[in-house]
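Trainee: Need a 3D model of the following:
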Amino acid sequence: MAIRVLIKPIISEKSEMLTTDVNQYSFVVDKRATKLQIKKSVEELYEVKVDSVNTMIMPSKNKNRNTKRGFVRGSVPSFKKAIVTVAEGEVIDFFGEV
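Mentor: The predicted model follows:
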């Protein structure tokens, strides 16, 4: 059974700063994915050379909010995040021709 390694790219202010400063890109990945699987997937999908992969598991967080019906409690699930460093001079274009 093959797992889908890359789930989605992370587009935020911090990830964009990493992209412009040190050529690193952030992705949400499957929790069972290894660094070698992540490297292989990024190289095949975006046709770039990957120098290194750093992974971390982000913990779940409890969230509370007020609504008309009262106080609602919930949680955001945990996920695995990968920060991929791409070779010098190579770029991953998430948006294409927008």
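
Trainee: hey, let's count contacts and neighbours off CA atoms from now on
Mentor: Will do.

Trainee: What's opposite residue 70 in the beta bridge?
Mentor: Per DSSP bridges, the residues bridged to residue 70 are residue 67.

Trainee: Go ahead and measure how far the longest helix that the chain contains is from the middle of the chain.
Mentor: Counting residues, the longest helix found in the chain (DSSP state H) is helix 35-46. Relative to its parent chain, helix 35-46 has a centroid offset of 13 Å by Cα atoms, centre = their mean, to the nearest Å.

Trainee: Number the chain from 18, please
Mentor: Sure, I'll start numbering at 18, so the last one becomes helix 52-63.

Trainee: which parts of the helix or strand following it are buried?
Mentor: Once helix 52-63 ends, the next helix or strand along the chain (criterion: DSSP states H and E) is strand 67-75. Applying a neighbour-count criterion of 16 or more other Cα atoms under 10 Å, one finds 67, 70, 72 buried in strand 67-75.

Trainee: Next: stretch 56-64.
Mentor: Going by neighbour count (16+ other Cα under 10 Å), the buried part of stretch 56-64 is 56, 59.

Trainee: Many thanks, have a good one.
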